[in-house]
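A.B. asks: generate a structure from the sequence data that follows.
(chains A and B)
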Amino acid sequence: MAGNGKPKFAMYWAASCGGCEIAVLNIGDKILAVDEAFDIAFWPCAADFKVKDVESYPDNYIDLCLFNGAIRTSENEEMAHLLRRKSKVLVAFGSCAHEGCIPALANLTTSEAIFQAAYINSISTDNPKRVLPQPVSKVAEGELHIPVFYDRVRALDQVVPVDYVIPGCPPEPPQIWAVLEAVVSGAPLPAPGSTIIGAGKVAVCDECPLEKHEKTITRFYRPHEIVPEPGICLLEQGILCMGPATRSGCGARCPRANMRCEGCYGPLDDVEDQGARMLSALASVVGVGNLRDEEAKLEHMIEEVMETLADPAGTLYRFSMAHSLLQRARVEMGSSSQGGTQ
Amino acid sequence: MAERVGVYICHCGTNIAGVVDVPEVTRWAGELPEVMIARDYKFMCSSLGQDLIEKDIKELGLTRIVVAACSPHMHEKTFRGAAQRAGLNPFLMEMANIRELDSWTTDDKEAATQKAKAMISGAIQRVLFHQPLELITVSINPNTLIVGGGIAGITAALELANAGYHVYMVEREPSIGGHMAQLDKTFPTLDCAACILTPRMVDVGQHPNITLLAYSEVESVEGYVGNFTVTVRKKASYVNEELCTGCGICEEKCPKKVVDQVFEAGIGTRKAVYRPFPQAVPKYPVIDRENCIYFQKGKCKACQIFCPTNAIDFEQQDRFIQFEVGNIIVATGYDPFDATRIPHYGFGRLPNVITSVQFERMVNASGPTGGRILLKDGTPPKSVGIIHCVGSRDENYNEYCSRVCCMYSLKFAHLVRERLPDAEVYNFYIDIRASGKRYEEFYHRVMMEGANMVRGRVAEVTDVARTADEEGKLIIQVYDTLLGEQRRIPVDMVILSVGVQPRKDARQVAQLFGLGCDFAGFFTERHPKLDPLLTMVEGIYIAGACQGPMAIPETVAQGAGAAARVAGMIGQGTVVMEPIKAHIDEERCSGCRICNNLCPYKAIVYHEDRQVSEAISALCQGCGTCVAACPSAAITGAHFTRRQLMAQVEGILLDVRQSMEASST
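C.D. replies: A predicted model of the protein is given here:
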């Protein structure tokens, strides 16, 4: 905690995979410029700070905090509140903090079912006493506490107010650098309030070089089921590319490599629900039968096409479940294993 | 600036107030933070009710209006007008339909009151995001398309053509005339159907203002009121109409006889090259490819060899004709009920069981028997049973009354007695429905002529005799509800008075024109009482039995009425349209092209150079298809923006949201 007058920088991981940290390191030797420009106040992945260090800082001590990871446990939530209090600018960094990402797909099930899968049913588990994590356990020395596992995964801004969002799973290094550089140079940032920075305002297709035509989809293919025609829009070929419903900024890296866009940069402005919007778009371009076919027959044909769409929830909502209109599967109150009904 | 919202809640007499607690809803609405004033009134649509709104707008400076009353189909225009008169843009008014969607759906007062609050809350939240819009005026093409050349279409066509407007008439069969051309006499006046119909058919054929496209079908309809583009498929008839004089030599020389299932209802024949009947309009025959020896076996060409004007053209192809019209009248008529669906009446199995359509052809002087009533063996019947309500008023088939069968069945009784004075006639009826002009008198006349009336639904028609006098007869088994006993009445001939039902392809036709169908498949009108001719699609009218069972006088009245409506539209010259259009924000369009082939009006173009799509406002009809499809929300529908709709949903879910928030903390 050097009093050198440099702006203070923090980065924290909540429910995340660590990829966001690596993405920051992926800015290459520019990381030295970051070190040059900032004083690191908290970054568990890179430097040895403790929570009590942060607690000891005055409020608004940290100038820029990149918060990655979703809010899965009570610890995640506590850290979110703490870092909010201590930071001037809090950034939801990466898809988990932005909109729940992969952890939030667990919102389709209950914490009870997750524990069953993780601690009882998986074939590599040997747990004859069927021990499950308990938030409080009594041992000879006294009470032990571990964080409470919530029923629902939330994005950062569903817990504390967020100033900016840098989307992506993970955010692309050039975008990260662009934001950091702007902060370092003192360039004015847009008005805060969950404002998206480090990304585009148009869909991924805008950056995608593949040739696009009018679309009529007669069946969907999973990536391993088809070798796509090079140079042609993947969606037209029945590969469920999320590009049209996804914010640009990544440079369309996946479609350029003939892989479908998975949608990690999240929905565009004014879209309440990325999955629903994409589903609505897909429903509009499924083309089977003729105008004069009987309704029941048409319905059947459409159903046949839609059956080729594997795992719609995991495909259409892979990153956006926490912020979607669905939010989570319906859970009967009081069914939680730990009583954490957040 | 905070909006100043006024909420106006209509009692609609007891229609709403009988179920919804209107004073309570008014009190509740008045306390909402967004609402400046909430009032209720007996009939908000009355001029006094409208005055209330106008006065408040002027005196309280209201900037948004919510009217909770009936369907916007009824009174949106009314209340928009009130807003406009008070100087407020009419699109800053929103209706909550608490009648059709609420008070009429339930007797549960508490639930209805709660729902009224939810709907009003939705309307308030929505109207806060409304934007002022200006109406758009478009011109009306004076040409009209009439689909179907039956008596409804013929009447409408002549009305419009005589008024000086051009009409395109499309008829699927080789001749216009419809079902009426098949009939012998018409009830209750016993006019000769052909004598009154054929002069009108000829008028249609010769009228300078009518383009008759027979043996043709509408392929596609695009556009909107005042400006429809129609594509018609003119089916190959293999007869060159430029050269054909209609002399009939081809029909005479054609060696192939075919049972005529359409015009002669299966009891007469025609040739493979044919006109359905001698007075056909247009006069040109068509070649039935399926039955033509040349088309099937590659040899014959008798018609071509004998044609004096070289009009036979075996190479002819279907042609597509495109034209513009401002209005459309759909008059596609009905199908008779298929009597084989009731196997216990024996049609198709017992030789002398015939349908009413077949009997019409049989008694017609120009029909297959020259007007003689004959059994299969060529002898006249000594007794005839006429079964009413075949396929009608029966929950197993059609629940509705077909409305014409009673009267034509009585007409049949009269005709049998007229042609065969010694024959016995039995009419088997459930109720006699003779409610038209001079119908009841006709019923009495037929009874006085000696027809036997048996009240009861026939159970079965059989040829299995139980007694000697039933031998060789058709026995009609019926419970006579007046005598209170089972009866078996042996007759020589049975006529099944089949009902009226929608055309078998009515639903496809509805889809083609964007019309609605009722449960049976009849096209639905805009309002069953006040607007029976217009459909839900502005500029498309329906007339005649495609809308529901009706007799000739009503059909003619509907045809003329539809023509009057169209003439009124043409007279206006322009039509005001809602400014509800889609707009693509070029800055936000990624050029993914998902919307490109969705527009039913072909209003979306893709600009290759800039790689963005554009919705052409003049063509857009505001259907919203592209708005829903755009995965990046770059397309907005005016007056149906995402913000407006989400606000409305959240408003409607006011109580649900509260309970959700309560449960998640």
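A.B. asks: okay, now the domains of the chain?
C.D. replies: No chain in the question, so chain A it is. A:8-103+A:151-196, A:113-148, A:204-316 (automatic domain parsing).
A.B. asks: wait, I meant chain B there
C.D. replies: B:5-134+B:644-663, B:144-334+B:505-572, B:335-501, B:581-637.
A.B. asks: residues touching the nearest residue to A:Glu294 once chain neighbours are set aside, list them.
C.D. replies: With CB to CB, 6 or more residues apart in numbering or on different chains as the criterion, A:Glu294 has its nearest non-adjacent residue at 7.8 Å, and that residue is B:Arg507. Using the backbone N, CA and C atoms, a C-beta is placed for each residue, glycine as well. With contact set as CB atoms under 8 Å, 6 or more residues apart in numbering or on different chains, B:Arg507 has these partners: A:294-295, B:517, B:521.
A.B. asks: give me the pLDDT value at A:Ser335.
C.D. replies: Here, the pLDDT recorded for A:Ser335 equals 46.
A.B. asks: returning to what we had before: ok, the contacts of B:Arg507 vs B:Val357, which is closest?
C.D. replies: B:Gly521 (19.3 Å; CB to CB).
A.B. asks: could you list the low-confidence segments of chain A?
C.D. replies: A:1-3, A:291-292, A:331-342 (pLDDT under 70).
A.B. asks: quick check: residues of it near chain B?
C.D. replies: Within reach of chain B by CB under 8 Å from any CB of the partner chain, chain A has these residues: A:201-206, A:212-216, A:233, A:235, A:243-245, A:248, A:267-272, A:277-278, A:280-281, A:283-285, A:291-292, A:294-295, A:333, A:341-342.
A.B. asks: from the contact counts, what lies against the helix or strand hosting B:Ala116?
C.D. replies: Assigned by DSSP states H and E, B:Ala116 belongs to helix B:109-127. On a contact count with 3 or more CB pairs under 8 Å, 6 or more residues apart in numbering or on different chains; DSSP states H and E, helix B:109-127 meets strand B:5-10, helix B:22-30, strand B:64-69, strand B:93-97, helix B:642-652, helix B:654-663.
A.B. asks: so how far is the following helix or strand past the third one from its chain's centroid?
C.D. replies: Elements were assigned by DSSP H and E; along the chain past strand B:64-69, the next helix or strand is helix B:72-85. Mean C-alpha position of helix B:72-85 versus that of the full chain (CA atoms, centre = their mean, to the nearest Å) differs by 28 Å.
A.B. asks: could you give the mean pLDDT of helix B:72-85?
C.D. replies: On average, the pLDDT along helix B:72-85 is 95.
A.B. asks: for that helix, packing partners?
C.D. replies: Short answer (3+ CB pairs under 8 Å, 6+ apart): helix B:72-85 packs on helix B:47-60, strand B:64-69, strand B:93-97.
A.B. asks: save the ones you listed as a markdown table, and put in mean pLDDT and distance to chain A too.
C.D. replies: Converted to a markdown table, the helices and strands packed on helix B:72-85 look like this (pLDDT from 0 to 100; distance: least, CB to the nearest CB, whole Å):
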| stretch | mean pLDDT | distance to chain A |
| --- | --- | --- |
| helix B:47-60 | 97 | 31 |
| strand B:64-69 | 98 | 22 |
| strand B:93-97 | 98 | 21 |
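A.B. asks: export the ones you listed to a markdown table and tack on distance to B:Lys115 and mean neighbour count?
C.D. replies: Shown next, in a markdown table, are the helices and strands packed on helix B:72-85 (distance: least, CB to CB, whole Å; neighbours: other CB atoms under 10 Å in any protein chain shown):
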| stretch | distance to B:Lys115 | mean neighbour count |
| --- | --- | --- |
| helix B:47-60 | 22 | 17 |
| strand B:64-69 | 11 | 28 |
| strand B:93-97 | 10 | 26 |
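A.B. asks: distance to B:Gly266 added to the ones you listed, as a markdown table?
C.D. replies: Below are the helices and strands packed on helix B:72-85 laid out as a markdown table (distance: least, CB to CB, whole Å):
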| stretch | distance to B:Gly266 |
| --- | --- |
| helix B:47-60 | 60 |
| strand B:64-69 | 54 |
| strand B:93-97 | 50 |
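A.B. asks: where does the residue nearest to A:Glu294 sit, in terms of helix or strand?
C.D. replies: Short version, using DSSP H and E: B:Arg507 is in helix B:506-513.
A.B. asks: can you pull the buried residues of that helix?
C.D. replies: Neighbour counts over helix B:506-513 (16 or more other CB atoms under 10 Å in any protein chain shown) mark B:506-507, B:509-510, B:512-513 as buried.
A.B. asks: could you dump those residues to JSON lines with distance to A:Leu108?
C.D. replies: Below are the buried residues of helix B:506-513 laid out as JSON lines (distance: CB to CB, whole Å):
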{"residue": "B:Ala506", "distance to A:Leu108": "44"}
{"residue": "B:Arg507", "distance to A:Leu108": "39"}
{"residue": "B:Val509", "distance to A:Leu108": "44"}
{"residue": "B:Ala510", "distance to A:Leu108": "40"}
{"residue": "B:Leu512", "distance to A:Leu108": "42"}
{"residue": "B:Phe513", "distance to A:Leu108": "43"}
